[in-house]
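J.: Provided below for reference: sequence and predicted model.
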Amino acid sequence: MFDEGTKIAVFGIVLAAWVFGLSADKHAPRADLATAVDRSLLPALPLTAASDGSPAQRRVSGVQVALGDGFEARVLASYVIEGRVVTRREFRHDPTSAVSPLDLGIVWGDLAAPGGTDGLEFRTGHRMIWFSNRPGADLPKRWKEQVTNNHLIPANPQVNDALMAIRVGARVRLRGYLVTVTGNGISPWRSSTRRDDGSIVGGCEIILVTDVQVLPADAGAA
């Protein structure tokens, strides 16, 4: 446990890193996209999310693909998420931006319904999403599990273009794979495979995206 002085110091460090990240990402030159994945090596995917609106996920083992620029991905699970985009942030300078140039914060289930996030506030940090509920907000049980931050690895330049065109407020379906990324001098960068571990450090999904769909704005809750 931290005492109050330590908590304030830790908060100051996190805030400084967040501000620095905002400035650096804004002004750094865009990295060239490195990914061009051989999709024939990847297993079949579900077509839609689960019937209750939660992401569809199926364990995969023994599959590894090259991402380019010295990176590789070990596939953990096939994955489909449908929901509404609540945050968007591009990355240009961090060690993985050559293969993962974009984070999207996505809510699904009840939160993706019209008005579902009226009681919530969202903001981004460096590869993080921060969210809080307003006093008195009427939210579903276990609502925090319906908020995800997603580090997106486009499988090819066409997928990258489709992802980069997505804006906050859009309803989307992303199909692909949860992965662990290695190479190019980084420590293994491992996706979360659970919905109940938060969306800050270690709780984000890292998705090798192979298909992008923007859904009608009046589509049913994801």
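T.: Structure received. Numbering: from 1, shown residues only.
J.: all contacts plus neighbour counts: C-alpha atoms, from now on.
T.: OK.
J.: distance check, the spatially most central residue of the chain against residue 137.
T.: In the chain, the residue lying closest to the centroid (C-alpha atoms, centre = their mean) is residue 150, at 0.3 Å. Between residue 150 and residue 137 the computed distance is 25 Å (C-alpha to C-alpha, to the nearest Å).
J.: measure stretch 186-195 end to end?
T.: Between the opening and closing residues of stretch 186-195 there is a gap of 25 Å (C-alpha to C-alpha).
J.: picking up where we left off before, does anything pack onto the host helix or strand of the residue nearest to the centre of the chain? Which helices or strands?
T.: Under the assignment given by DSSP states H and E, the secondary-structure element containing residue 150 is strand 147-154. Counting contacts by 3 or more C-alpha pairs under 8 Å, 6 or more residues apart in numbering; DSSP states H and E, strand 147-154 is packed against strand 102-107, strand 205-215.
J.: ok, and what's touching that strand?
T.: 35, 99-108, 127-129, 160, 163, 195, 198-200, 204-210 (C-alpha atoms under 8 Å, 6 or more residues apart in numbering).
J.: surely residue 86 and residue 166 touch.
T.: No. The pair formed by residue 86 and residue 166 falls short of the contact definition of C-alpha atoms under 8 Å, at 10.9 Å.
J.: out of the two, which sits in the more crowded spot?
T.: A side-by-side neighbour count of residue 86 and residue 166, using other C-alpha atoms under 10 Å, places residue 86 first with 24 against 17.
J.: now do the contacts for that one.
T.: Taking C-alpha under 8 Å, 6+ apart as the definition, contacts of residue 86 comprise 104-107, 122, 168-169.
J.: endpoints of stretch 94-111, how far apart?
T.: Across stretch 94-111, the straight-line distance between its terminal residues is 31 Å, by C-alpha to C-alpha.
J.: for the record, mean pLDDT for that stretch?
T.: When the per-residue pLDDT values of stretch 94-111 are averaged, the result is 93.
J.: do I have it right that residue 167 meets residue 88?
T.: Yes. Residue 167 is in contact with residue 88 according to C-alpha under 8 Å; the separation is 7.0 Å.
J.: for the two, indicate the residue with more neighbours.
T.: The residue with more neighbours, out of residue 167 and residue 88 and counting by other C-alpha under 10 Å, is residue 88; that gives 20 against 15.
J.: quick one: mean pLDDT for the helix or strand where the more buried one lies?
T.: Secondary-structure assignment from DSSP H and E places residue 88 in strand 71-90. Taken as a whole, strand 71-90 carries a mean pLDDT of 96.
J.: overlap of the contact sets of residue 167 and residue 88?
T.: Shared between the contact lists of residue 167 and residue 88 (criterion: C-alpha under 8 Å, 6+ apart) there are no residues.
J.: thanks a lot, see you next time.
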